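*Asks:* Build me a structure from this.
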Amino acid sequence: MLLSFQVSNHKSIRGEQTLHLQPVYDKTRPALPVAAIFGANAAGKSNVLDALHFMVDAVRNSFVSWRAGVPHTPFRFDRTSENAGSTFVVDLLLDGVRYTYGIAVDAHSVLEEWLHTYPQHRRRVIFERRGQVVTPGPVAGLARGQVKALADVMPRTALFLSVAGDGLLDQLAPVHRWFRSGIDIIPIATAVVDEQALIERLENAKDRNRLVGLLVAADVGVVDVEVEHLLPAELYAKTGLDLGQLVEGGVDAETARQLLARFDQTLERLKQGSTEKRLTFVHDRDRVRMSFADESHGTKVWLSYIGPLLDALDSGGALVVDELDTSLHPHLMAQLIGLFHNPDTNPHNGQLVFTTHDTSLLGRYFNDRILARDEIWFTAKNNAHETELFSLAEFKAREDDSVQRRYLTGTYGAVPLPNEHVFGDALRDRSA
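*Replies:* Numbering: from 1, shown residues only. So this is what the prediction gives:
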């Protein structure tokens with residue numbers, strides 16, 4: 001589970017900003033199941049998730065993809081930050097053990113890297129790195145010779161966790177595994193759907209029932225999804241049917257029926273053996289069938305979330321989505337969030353972290369608050385163009401608080417303040 005994420009000097013983020021997922025109010029869970037980030041356009045809320053995405057990509061790909069240099073994007077509104085390094089730190093709880101992993105990079109190399117753990121609530125260093133020098137902790141159990149051998153062949157742009165965490169050093173494996181498969185990031189809400197992955201899920205009975213169930217529950221008009229086997233054109237010849245005989249009328253009706261029956265049987269057998277498949281969406285009681293291309297954009301977006309959503313709920317992983325509300329109705333958003341709040345649907349403490357403009361999520365759904373106060377975060381830019389990240393929990397609460405109203409009226413900041421006169425002036429013919 002992700003307990004916190006800290007970043008400094010990345011895009012619009014200059015000073016250290018921290019997203020905390022440890023509960024402020026309800027201590028029955030080790031980490032919050034949901035964190036929602038609100039803010040004006042260009043306030044930097046997407047950059048918070050982009051920073052986390054950068055770190056995940058660094059662990060997964062730095063050894064292979066960063067040979068030409070680090071894709072460094074520092075704060076550019078002052079020369080000092082532009083030439084300085086950027087820092088990224090995660091605090092994790094994995095199998096009951098807390099880990100802190102951090103990196104510092106510039107455009108040319110990895111400057112620092114460290115992994116600490118807290119098995120008995122006391123810090124234990126697994127390794128620390130300065131430049132190309134990697135030093136194992138005194139009680140980490142890492143063989144110094146092996147660590148040095150790996151560090152000697154490690155490019156200066158690669159993370160030690162990337163090089164040594166993939167089965168080479170067991171002490172690094174839990175954290176490396178979390179970065180590899182414990183977090184799924186959708187950079188911006190899209191309708192990109194891996195049709196083959198969906199087909200594989202539909203051919204698994206458990207996943208099929210849940211996937212179709214979520215589609216039906218979303219009330220998008222779909223009542224079922226079928227996997228249709230396709231037959232490549234070159235295989236039609238294998239059916240053994242001479243259609244010319246039927247066209248020319250050279251056979252009687254009974255023979256024609258037999259030929260067609262044999263054709264259909266052979267065709268179906270070949271289809272079942274074919275690896276080419278596509279999805280067909282069944283609508284309403286009339287069983288109208290539509291292809292994926294014919295589905296609405298909202299249906300496609302919902303479909304693009306279902307696979308990662310099921311994975312996060314099944315494994316206790318984190319699902320991170322930028323602009324989650326794109327093309328989704330507020331009621332559907334509330335239900336999606338509710339899946340992570342409900343221990344019955346989220347028994348492994350999966351997490352959902354997202355950005356949104358949907359202020360209805362700050363209110364109630366059937367008299368229950370959709371988001372707890374410590375699950376609500378805001379971003380705003382100060383006079384130096386720096387993104388600041390802060391939680392609603394930092395504000396004094398009142399029993400009758402309407403969070404949505406107070407947010408929209410600017411009580412918490414993090415909202416745009418458009419000037420209607422400036423808007424009008426922008427469209428006036430200034431040549432008149």
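
*Asks:* which stretches of the stretch 1-150 of the chain have low pLDDT?
*Replies:* In the predicted model of the stretch 1-150 of the chain, no residue satisfies pLDDT under 70.

*Asks:* isn't S46 right next to T355, touching?
*Replies:* Yes - contact between S46 and T355 holds when scored by C-beta atoms under 8 Å: they sit 5.8 Å apart. Placement of C-beta: from N, CA and C, glycine included.

*Asks:* so what sits against both of the two?
*Replies:* 322-323 (C-beta atoms under 8 Å, 6 or more residues apart in numbering).

*Asks:* can you map out the strands along the stretch 201-350 of the chain?
*Replies:* For the stretch 201-350 of the chain, applying DSSP state E, counting those that start in this stretch gives strands covering 222-229, 277-283, 288-291, 318-321.

*Asks:* So for S46 and T355, which sits in the more crowded spot?
*Replies:* Taking neighbours as other C-beta atoms under 10 Å, S46 and T355 compare with T355 leading, 26 against 22.

*Asks:* looking at the sheet around that one, what are its partners?
*Replies:* On the basis of DSSP bridges, T355 is bridged to I37.

*Asks:* for the stretch 151-300 of the chain, what spans make up the helices?
*Replies:* 160-164, 173-181, 195-202, 205-217, 243-247, 253-273, 297-315 (DSSP state H, counting those that start in this stretch).

*Asks:* Mind checking which residue lies nearest the centre of the protein?
*Replies:* Nearest to the geometric centre of the chain sits I185, at 2.6 Å (C-alpha atoms, centre = their mean).

*Asks:* give the contact list for that one.
*Replies:* Contacts here follow C-beta under 8 Å, 6+ apart; on that basis I185 touches 49, 52-53, 56, 320-321.

*Asks:* so what's it bridging to?
*Replies:* Those that pair with I185 in a beta bridge, by DSSP bridges, are V320.

*Asks:* That one and R60, how far apart?
*Replies:* 11 Å (C-beta to C-beta, to the nearest Å).

*Asks:* Same question for S315.
*Replies:* From S315 to R60 the distance is 17 Å (C-beta to C-beta).

*Asks:* how close does R278 sit to R67?
*Replies:* 39 Å.

*Asks:* More neighbours: these two, which one.
*Replies:* A direct count of neighbours by other C-beta under 10 Å for R278 and R67 places R278 higher, at 15 against 11.

*Asks:* Please tell me how far that one sits from V223.
*Replies:* The value you get for R278 to V223, if C-beta to C-beta is used, is 18 Å.

*Asks:* how about low-confidence regions in the stretch 251-400 of the chain?
*Replies:* 251-254, 256-257, 259-260, 262-275, 397-400.

*Asks:* try it again with 90
*Replies:* Per-residue confidence for the stretch 251-400 of the chain (pLDDT under 90) gives these ranges: 251-279, 284-287, 291-305, 325-331, 363-369, 395-400.

*Asks:* Got the domain ranges for the protein?
*Replies:* 2-182+316-408, 195-296 (automatic domain parsing).

*Asks:* Tabulate the ones you listed (JSON lines), appending distance to Y305.
*Replies:* Converted to JSON lines, these look like this (distance: least, C-beta to C-beta, whole Å):
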{"stretch": "domain 2-182+316-408", "distance to Y305": "7"}
{"stretch": "domain 195-296", "distance to Y305": "9"}
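
*Asks:* do you know which of these lies nearest P416?
*Replies:* domain 2-182+316-408 (4.1 Å; C-beta to C-beta).

*Asks:* thinking in terms of the whole chain, how far from its middle is the closest one?
*Replies:* 12 Å (C-alpha atoms, centre = their mean, to the nearest Å).

*Asks:* Distance across that domain, terminal residue to terminal residue?
*Replies:* End-to-end distance of domain 2-182+316-408: 30 Å, with C-alpha to C-alpha, to the nearest Å as the criterion.

*Asks:* what are the pairing partners of whichever strand or helix holds T379, and which direction each?
*Replies:* Applying DSSP states H and E as the criterion places T379 in strand 376-381. Sheet pairing for strand 376-381, assigned by DSSP bridges, gives strand 34-39 (parallel), strand 387-391 (antiparallel).
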